[in-house]
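Student: how would this look folded up:
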Amino acid sequence: MKVVIVGGVAGGASAAARIRRLDEHAQIIMIERSGYVSYANCGLPYYVGGVIVDRDELTLQTPESFWDRFRIDVRVRQEVTAINPAEKTVTVRTLDSGKIYTETYDKLLLAPGAKPTVPALSGVDSERVFTLRTVEDTLRIRRFIEEEKPKTAVLAGGGFIGLEMAENLAEMGIAVTIVQRPKQLLAPLDADMASFIHAEMRAHGVTLRLGETVEGFRQEGSEMVTLLAGNEPLRSDMVLLAIGVTPDTHLAKEAGLDLGIRGSIVVNERMETSVPDIYAVGDAVEVSHFVTGQKALISLAGPANKQGRIAADNVCGGNSRFTGSQGSSVLKVFDLTAASTGINEKNAKAAGIAYEKVVLFPASHAAYYPGAQSLTMKVLYEKETLRLLGAQIVGREGADKRIDVLATAIRAGMTALELTELDLAYAPPYSSAKDPVNMAGFMIEDLESGKVRQFHWDEVADLPRDGSAALLDVRTEWEYQRGHLDGFRNIPVDDLREHLDELERDKPVYMNCQTGLRSYLACRLLTQYGFTCAHLAGGYGFYRSVTREQQTAQSAYPCGMEKL
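Tutor: Numbering: from 1, shown residues only. Have a look, this model is predicted:
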């Protein structure tokens with residue numbers, strides 16, 4: 001059996017190695033357009049920033065090591081320019097010499113990945129406008145920084161690569177401005193959770209121009225001018241395009257393969273395309289979202305590696321199946337970690353799923369053990385079935401651990417109530433006897449059993465302030481004096497029993513505290529005295545973080561105010 005693999009990064013390289021482990025006698029040829037294979041895309045920004053010092057650390061394998069260990073014929077700096085399914089051949093061009101040749105195959109596996117989205121704007125071809133996809137891109141950016149010593153940079157886009165590059169450039173002393181049309185960074189997060197990321201970026205000197213549109217670029221000597229719709233242009237020493245990625249599927253289209261959303265390659269669960277003996281994996285393929293069942297593009301290394309393994313099994317006569325991706329991700333943002341899995345509120349609404357959510361601020365480990373840090377957690381579940389839909393966590397410690405537990409629970413089909421039963425490891429330096437994941441389950445259990453009701457930060461403005469309801473802030477007087485919600489009266493939770501006669505039982509009570517814990521306790525107390533009560537999910541702290549971000553976004557950078 002002769003197998004040709006187009007693309008040698010995550011999906012292609014993992015498939016090649018797996019095929020060899022299954023079939024010692026297969027002829028395996030892997031063709032990669034760049035000069036490197038099996039490299040760590042996710043590590044590229046950290047090489048630019050000098051966190052990863054040795055560029056050889058970016059490559060997990062080389063053409064030579066692939067041959068020595070697996071006897072796989074790896075051809076770098078060669079590009080497949082055409083596929084002929086009828087004859088089962090591919091046309092290949094050697095980039096250095098221009099030589100063109102034809103290679104036959106019995107099985108063809110496409111792993112071309114995705115390319116940076118480059119809009120059709122003026123000036124994008126400037127030598128000071130960069131994209132980041134390959135090792136060569138990384139070396140080019142690193143060389144530019146070392147030689148030109150830029151002091152300012154504009155990043156168009158606020159996704160994973162944009163934020164990683166912003167952090168690394170800022171740590172090098174470069175003043176960074178992020179510009180993007182959406183009004184929040186990190187699309188996997190809801191806007192309320194993204195507000196913590198915005199604050200962290202600003203705290204480290206990164207300027208955010210959210211909700212603004214880049215119209216083009218213009219180079220003036222050694223300076224780049226970024227043109228903005230309806231606002232003054234930004235001036236910088238360099239520009240990085242990190243708007244997103246587009247499936248690199250022109251070969252598949254020209255070969256007549258069925259295409260899906262945004263031109264991605266349609267595959268079945270076996271990673272087979274619409275043409276016999278042609279498989280496809282990685283960022284170029286359309287997948288089913290594990291939670292919604294809808295078609296999706298999920299450009300992450302984990303799914304790409306799994307798909308490569310599954311395709312390899314089936315190339316070798318197996319029957320492995322890819323059951324979908326839920327988009328689990330984690331990202332370092334200066335001193336914070338942002339993690340998510342499953343779907344967020346925007347996705348749930350788009351899918352027509354009736355959902356509920358809880359917001360909590362547990363400690364990363366036992367609070368009495370030194371170094372505990374607060375986590376901000378948001379967990380979504382389906383109202384009718386109580387199945388878990390997704391989770392988002394932002395914090396300084398322990399976010400990655402909890403998101404993996406919740407991702408596993410979603411994959412296992414657990415309900416939100418079953419989170420209470422998870423038997424998770426505990427010792428004071430690592431967790432609490434009631435792990436944050438357990439706590440999310442307890443909160444959902446109380447909601448679903450009717451023991452407590454809640455309202456959310458975006459409902460605060462609509463609360464009745466005409467005397468038809470009681471609005472209570474159950475924090476300490478000192479906390480209350482430092483800032484409180486309009487119209488809320490302060491009665492600390494520890495004093496609440498002594499003030500019951502001041503409240504009317506026929507009027508609903510809405511209350512808040514700092515994080516939602518004390519207001520929950522107060523609601524349980526009042527409920528048992530015959531009151532109808534609801535408390536603010538996430539508390540005043542969550543409300544303040546989200547609304548402060550909205551105020552910052554609305555008031556920052558009026559027309560003509562700021563230039564780099």
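
Student: who is residue 94 paired with across the strands?
Tutor: residue 78 (DSSP bridges).

Student: list the contacts of residue 173.
Tutor: Residue 173 makes contacts with residue 151, as judged by Cβ atoms under 8 Å, 6 or more residues apart in numbering. All C-beta spots, glycine's among them, are computed from the backbone N, C-alpha and C.

Student: from residue 48, how far out is it?
Tutor: As for residue 173, its distance to residue 48 is 13 Å (criterion: Cβ to Cβ, to the nearest Å).

Student: shared neighbours of the two, which are they?
Tutor: With Cβ under 8 Å, 6+ apart, residue 173 and residue 48 have no common neighbours.

Student: which intervals of the stretch 1-150 of the chain have sub-threshold pLDDT?
Tutor: Applying pLDDT under 70 to the stretch 1-150 of the chain flags no residue at all.

Student: and the strands in it?
Tutor: Along the stretch 1-150 of the chain, the segments classed as strands by DSSP state E, counting those that start in this stretch run 2-6, 27-32, 73-76, 78-84, 89-94, 100-104, 107-110, 114-116, 129-130.

Student: same check on the stretch 151-300 of the chain?
Tutor: With DSSP E, counting those that start in this stretch as the criterion, the stretch 151-300 of the chain has strands spanning 152-156, 175-180, 207-210, 214-220, 223-228, 231-236, 238-241, 245-247, 265-266, 278-280, 285-288, 295-296.

Student: mean neighbour count and distance to residue 39 added to the strands of the stretch 1-150 of the chain, as CSV?
Tutor: Shown next, in CSV, are the strands of the stretch 1-150 of the chain (neighbours: other Cβ atoms under 10 Å; distance: least, Cβ to Cβ, whole Å):
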stretch, mean neighbour count, distance to residue 39
strand 2-6, 24, 15
strand 27-32, 23, 10
strand 73-76, 19, 11
strand 78-84, 18, 16
strand 89-94, 17, 20
strand 100-104, 13, 23
strand 107-110, 28, 18
strand 114-116, 19, 15
strand 129-130, 20, 18
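
Student: can you tell me which of those is nearest to residue 380?
Tutor: strand 114-116 (27.2 Å; Cβ to Cβ).

Student: who does the closest one touch, helix- and strand-wise?
Tutor: In terms of contacts (3 or more Cβ pairs under 8 Å, 6 or more residues apart in numbering; DSSP states H and E), strand 114-116 is packed against strand 245-247.

Student: sorry, back to before: and the strands of the stretch 151-300 of the chain, which is most packed in?
Tutor: strand 278-280 (a mean of 27; mean count of other Cβ atoms under 10 Å).

Student: averaged pLDDT, that strand. What do you get?
Tutor: Average pLDDT, strand 278-280: 98.

Student: which outside residues touch that strand?
Tutor: Where contact means Cβ under 8 Å, 6+ apart, the residues beyond strand 278-280 that reach it are 83, 85, 107-111, 252, 255, 257, 265, 267, 270-273, 311, 314-315.

Student: the stretch 201-350 of the chain: helices as residue ranges?
Tutor: Using DSSP state H, counting those that start in this stretch, the helices of the stretch 201-350 of the chain run over 250-254, 301-315, 345-350.

Student: can I get the ones you listed in a markdown table with mean neighbour count, mean pLDDT and distance to residue 16?
Tutor: Converted to a markdown table, the helices of the stretch 201-350 of the chain look like this (neighbours: other Cβ atoms under 10 Å; pLDDT from 0 to 100; distance: least, Cβ to Cβ, whole Å):
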| stretch | mean neighbour count | mean pLDDT | distance to residue 16 |
| --- | --- | --- | --- |
| helix 250-254 | 16 | 97 | 18 |
| helix 301-315 | 23 | 96 | 8 |
| helix 345-350 | 17 | 96 | 34 |
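
Student: can you pull out the helices in the stretch 351-500 of the chain?
Tutor: Going by DSSP H, counting those that start in this stretch, the stretch 351-500 of the chain shows helices at 399-411, 436-448, 477-481.

Student: turn the ones you listed into a markdown table, including mean pLDDT, distance to residue 504 and mean neighbour count.
Tutor: Formatted as a markdown table, the helices of the stretch 351-500 of the chain follow (pLDDT from 0 to 100; distance: least, Cβ to Cβ, whole Å; neighbours: other Cβ atoms under 10 Å):
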| stretch | mean pLDDT | distance to residue 504 | mean neighbour count |
| --- | --- | --- | --- |
| helix 399-411 | 97 | 41 | 21 |
| helix 436-448 | 97 | 25 | 21 |
| helix 477-481 | 96 | 22 | 13 |
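
Student: turn those helices into CSV, columns for distance to residue 325.
Tutor: As requested, the helices of the stretch 351-500 of the chain are arranged in CSV below (distance: least, Cβ to Cβ, whole Å):
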stretch, distance to residue 325
helix 399-411, 10
helix 436-448, 21
helix 477-481, 43
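
Student: which one of those helices lies closest to residue 538?
Tutor: Relative to residue 538, the nearest member of the helices of the stretch 351-500 of the chain by Cβ to Cβ is helix 436-448, separated by 10.9 Å.

Student: quick one on the thing from earlier: please convert the helices of the stretch 201-350 of the chain to TSV, extending it with distance to residue 392.
Tutor: Formatted as TSV, the helices of the stretch 201-350 of the chain follow (distance: least, Cβ to Cβ, whole Å):
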stretch	distance to residue 392
helix 250-254	34
helix 301-315	18
helix 345-350	10
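
Student: out of these, nearest to residue 365?
Tutor: For residue 365, the closest of the helices of the stretch 201-350 of the chain is helix 301-315, at 26.4 Å, according to Cβ to Cβ.

Student: let's see the closest one as CSV, backbone CA atoms only.
Tutor: Provided in CSV are the C-alpha atoms of helix 301-315 (Å, rounded to 0.1, in the frame of the first residue of the first chain):
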residue,chain,number,x,y,z
ALA,A,301,-4.2,20.9,17.7
GLY,A,302,-6.0,18.3,19.9
PRO,A,303,-8.8,17.4,17.5
ALA,A,304,-6.3,17.5,14.5
ASN,A,305,-4.1,14.9,16.2
LYS,A,306,-7.0,12.6,17.0
GLN,A,307,-8.4,12.9,13.5
GLY,A,308,-5.0,11.9,12.1
ARG,A,309,-4.9,8.8,14.2
ILE,A,310,-8.5,7.9,13.2
ALA,A,311,-7.8,8.4,9.5
ALA,A,312,-4.6,6.3,9.8
ASP,A,313,-6.6,3.4,11.4
ASN,A,314,-9.1,3.5,8.6
VAL,A,315,-6.4,3.7,5.9
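
Student: grab the nearest non-local neighbour of residue 455.
Tutor: In space, and not counting its chain neighbours, residue 455 is closest to residue 534: 5.2 Å by Cβ to Cβ, 6 or more residues apart in numbering.

Student: could you measure from the nearest residue to residue 293 once chain neighbours are set aside over to residue 507?
Tutor: Sequence neighbours aside, residue 324 is the residue nearest to residue 293 in space, at 7.6 Å (criterion: Cβ to Cβ, 6+ apart). Separation of residue 324 from residue 507 (Cβ to Cβ) stands at 48 Å.

Student: residue 413 too?
Tutor: Per Cβ to Cβ, residue 413 is found 42 Å from residue 507.

Student: comparing the two, which residue is more hemmed in?
Tutor: Using other Cβ atoms under 10 Å as the criterion, residue 413 and residue 507 rank with residue 507 on top: 13 against 9.

Student: hmm, residue 466 and that one touching each other?
Tutor: No - contact criterion Cβ atoms under 8 Å: residue 507 and residue 466 do not qualify, at 10.9 Å.

Student: so who does residue 379 touch?
Tutor: 357, 358, 388, 390, 391, 406, 416, 440, 444 are the contacts of residue 379 under Cβ under 8 Å, 6+ apart.

Student: what do you get if the cut-off is 6 Å, keeping everything else the same?
Tutor: 358, 391, 440 (Cβ atoms under 6 Å, 6 or more residues apart in numbering).
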